[in-house]
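Participant: structure for this input, please:
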Amino acid sequence: MQRILITTLVLCLTMTAGAQKTTRQEPFTGYLFAYFEGRGDGQEQLRFALSDDAVHWRALNENHPIVTSDTISESGGIRDPHILRGEHGDYLIVATDMHTFDPKQGWGSNPGIVLLRSDDLVHWTHSRINLSKAFPKHFGDAYWVWAPQTIYDRKAKKYMIYFTLQRSDRKSLISYYAYANRDFTAFESEPKQLFAAKYGSIDNDIIEGPDGTFHLFYKGNTKDEQGREVNNGIQQATSKNLKGPWKEDFVYLDAYAGTPTSVEGSSVFKLNNEEKWVLMYDLYSSGRYEYQTTTDLYNFTRRPQSFTKDFFPRHGSVISVTRTEMQRLQDHFGQAATYLLESHGNPLFRHHYTSDPATLVVGDTLWLFTGHDSNGRKNGYWMSDWCVFSTTDLKHWTEYPCPLQLTDFAWGVKGEAYAAQVIGRGGKYYWYVSTNQCGIGVAVADRPQGPYHDVLGRPLLTNDDCFASKHSWACIDPTVIIDDDGQAYLIWGNGQCYIVRLKENMIETEGDVRQITFSEAFPFEEAPWIHKYQGRYYLTYASGFPERIAYAVADNIWGPYEPKGIISEVAGNSDTTHPAIVEYKNRWYFFSHNGALRRSVVCEPLRYDADGNILPIPPTSAGIER
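Facilitator: Predicted structure coming up:
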């Protein structure tokens, strides 16, 4: 859903432009990335992304502009956005007023700077500074006014805006500064020189270190005696005073200095809850965005690392955000990071259509993986991705950004995102997914919440493995278990149920595929789920159509399975259902989906009698709260 606001925008917390003193009480829990795009139409516009860990990023507003540039800028475009938390609960943004993709403007002169201010992260006011018109006496020859940033000067108790200036003689790139007025709509006086690097600089970024030293990071270069550039990259200068004088060290900090790969647009931000900073930069010629880290702002790791992201950023900046701010951003612009929910009975979630639940316990956390039915009126169910949630009390849930989509499986594009299950082994998490007519695949991640990637590049199982089936959708609905002896098994099927061993690497099968047979009284339809209780194997599944949940029990995972009957009747308004059974904090729970909201995941308590039989599970609206 696209939401483009004329004078609205979102912003969040800061540690990016200096050690700021704020009155906030809530801790930082995430990060906000302000950037402009490097691909496609409408690139030079303000966009935002969120992250919980400053590594895995998702764009807000489906990567559409948060504010359209033609409503806030003189040129029709903005570049190099820099964001800052104000000292009095407000939020500030400055950006380059420039529209290079307008053929009439290109890389010619640009007018100046765009300023934005907000009190609530959503509604924004804006103003513009045309440098040559505002200060014609000494800046009438301004040609480029680039990459502005803001920092709070605690001594002056004012916001200092600094930027790179090139005059029309095109001979130098010098940094200037001016203090913003009280309304953050203009400069209160004519700019003054801040920093003149020996060979010029662009993309200046100032951050105050823990010892009070100011570090000015910038894109610099080195020239030979003939004035020819022989090297370029990220450098820094330091000063004990915000306004200088600045001492250059002429050392290149980025890993690409001296190589054919060029970088620019550096920005430094502090990680939450640790004394570590991230130096990120724009590899503009190759379309990448990478980072290095430091614990002292002088010595940086040499090996660059990459973000994971669903967008193509150019020069931007990152600030820390609180949980409240992350929630507010996502309430307004859609989910892009963790999102907090509270369930009140069944269905568990009412903002998505969820189906085909699968559970996993890791430590004291219960993870819930679901299918995701598309919105709108459609014949049947249409699913293109999966969802993941976690909880520690079955009432308060955290939803994570979509960790896996059908399009992540190049071989599965003709199918749909059918039922799936995740299991952990050896510090990795394996997600077995079914794609209707294309087979069962495996995705792997380092964390339960992902992101996941297709580890094989092909199906693990296909209809060719379903030797007793004749229909095209037989290879669906995987369930997986690691037995007490460490042997892993995969069970799946529609119409007929199959089982096979998995190798210890969890991405290869071992031995022959076998069929599990069921009583004709409770025929197997689909949606198997395997768990153990008191040393016996319980195979729960959808039986008949419309589907009910039945189960059978065996002493050996291969069978034979003794039919035990129906434990859950037809889920109202839904022809299908899918069980997941889990023990969590010494209690057993039964997950499935019903048709209360299209298809929606529900949870009920599960109980056994003295003989180990599962007691009937009637559907309730209260769920586990009853």
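Participant: isn't Gly77 up against Gly106?
Facilitator: No: between Gly77 and Gly106 there is no contact under Cβ atoms under 8 Å: 11.1 Å. Yep, even glycine has a C-beta here, placed from its N, CA and C like the rest.
Participant: reduced to three states, what does the closest residue to Gln487 other than its chain neighbours come out as?
Facilitator: Computed as Cβ to Cβ, 6 or more residues apart in numbering, the closest residue to Gln487 that is not its neighbour in sequence is Arg501, at 6.4 Å. Here Arg501 is recorded as strand under DSSP: H, G, I helix; E, B strand; the rest coil.
Participant: likewise Gln335?
Facilitator: With three-state DSSP as the criterion, Gln335 reads coil.
Participant: next, count neighbours for it.
Facilitator: Applying other Cβ atoms under 10 Å, we find 20 residues neighbouring Gln335.
Participant: now Gln405
Facilitator: By other Cβ under 10 Å, 15 other residues sit near Gln405.
Participant: if we can go back for a sec, need the residues touching each of Gly77 and Gly106.
Facilitator: Residues touching both Gly77 and Gly106 (Cβ atoms under 8 Å, 6 or more residues apart in numbering) are Thr100.
Participant: neighbour count: those two, which is higher?
Facilitator: Per other Cβ under 10 Å, whichever of Gly77 and Gly106 has more neighbours is Gly77, with 24 against 10.
Participant: mind checking how far that one is from Lys104?
Facilitator: From Gly77 across to Lys104, the span is 12 Å (Cβ to Cβ, to the nearest Å).
Participant: common neighbours of those two, please.
Facilitator: Overlap of the contact sets of Gly77 and Lys104 (by Cβ under 8 Å, 6+ apart) is empty.
Participant: what separation is there between the nearest residue to Asn436 once chain neighbours are set aside and Leu404?
Facilitator: In this structure, Asn436 finds its nearest non-sequential neighbour in Gly415, 3.9 Å apart by Cβ to Cβ, 6+ apart. Distance of Gly415 to Leu404, computed by Cβ to Cβ: 14 Å.
Participant: compare those two (neighbour count), which wins?
Facilitator: Between Gly415 and Leu404, counted using other Cβ under 10 Å, Leu404 has the larger neighbour count: 25 against 22.
Participant: I'd assumed Tyr452 was in contact with that one.
Facilitator: Yes: the criterion here is Cβ under 8 Å, and Leu404 meets it with Tyr452 at 4.5 Å.
Participant: who touches both of those two?
Facilitator: Residues touching both Leu404 and Tyr452 (Cβ under 8 Å, 6+ apart): Trp431, Ala443.
Participant: re the thing from before, specify the beta-bridge partners of the residue nearest to Gln487.
Facilitator: Here Arg501 sits in beta bridges with Tyr489, Glu510, going by DSSP bridges.
Participant: which residues of the stretch 1-150 of the chain score low on pLDDT?
Facilitator: The stretch 1-150 of the chain contains residues with pLDDT under 70 at 1-24, 40-41.
Participant: now do the helices in it.
Facilitator: With DSSP state H, counting those that start in this stretch as the criterion, the stretch 1-150 of the chain has helices at 131-134, 136-139.
Participant: want to throw the ones you listed into TSV with mean neighbour count and distance to Ser574?
Facilitator: Listed next are the helices of the stretch 1-150 of the chain as TSV, based on neighbours: other Cβ atoms under 10 Å; distance: least, Cβ to Cβ, whole Å:
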stretch	mean neighbour count	distance to Ser574
helix 131-134	19	63
helix 136-139	12	68
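Participant: quick check: closest non-adjacent residue to Asn232.
Facilitator: Using Cβ to Cβ, 6+ apart and skipping the chain neighbours, the partner closest in space to Asn232 is Asn221 (3.9 Å).
Participant: dump the residue contacts of that neighbour.
Facilitator: Contact analysis of Asn221 by Cβ under 8 Å, 6+ apart lists Tyr199, Gly200, Glu229, Asn231, Asn232, Gly233.
Participant: so the second one sits against Thr222, correct?
Facilitator: No: taking contacts as Cβ under 8 Å, Gly200 lies outside contact range of Thr222: 10.9 Å.
Participant: where do the domain boundaries of the protein fall?
Facilitator: 28-333, 339-625 (automatic domain parsing).
Participant: and the end-to-end length of the shortest one?
Facilitator: The distance separating the two terminal residues of domain 339-625, taken as Cα to Cα, to the nearest Å, comes to 22 Å.
Participant: number the residues from 42 up from this point.
Facilitator: Understood, numbering begins at 42; the last thing we discussed is domain 380-666.
Participant: what about that domain, average pLDDT?
Facilitator: Mean pLDDT, computed over domain 380-666, is 93.
Participant: how about stretch 295-312?
Facilitator: For stretch 295-312, the per-residue pLDDT averages 95.
Participant: for Leu101, see how far away His634 is.
Facilitator: 29 Å.
Participant: the two: who's more crowded?
Facilitator: His634 (30 against 24).
Participant: give me the distance between the more buried one and Tyr203.
Facilitator: According to Cβ to Cβ, His634 stands 55 Å off from Tyr203.
Participant: report the contact partners of the residue nearest to Asn477.
Facilitator: Listed by Cβ under 8 Å, 6+ apart, the contact set of Gly456 reads Leu447, Ser475, Thr476, Asn477, Gln478, Cys479.
Participant: run the last query once more with 7 Å
Facilitator: Gly456 makes contact with Leu447, Thr476, Asn477, Gln478, Cys479, according to Cβ atoms under 7 Å, 6 or more residues apart in numbering.
Participant: helix/strand/coil for the nearest residue to Ser513 once chain neighbours are set aside?
Facilitator: Take Ser513 and drop its neighbours on the chain: the residue closest to it by Cβ to Cβ, 6+ apart is Gln478, 4.7 Å away. Using three-state DSSP, the secondary structure recorded for Gln478 is helix.
Participant: all set, thanks.
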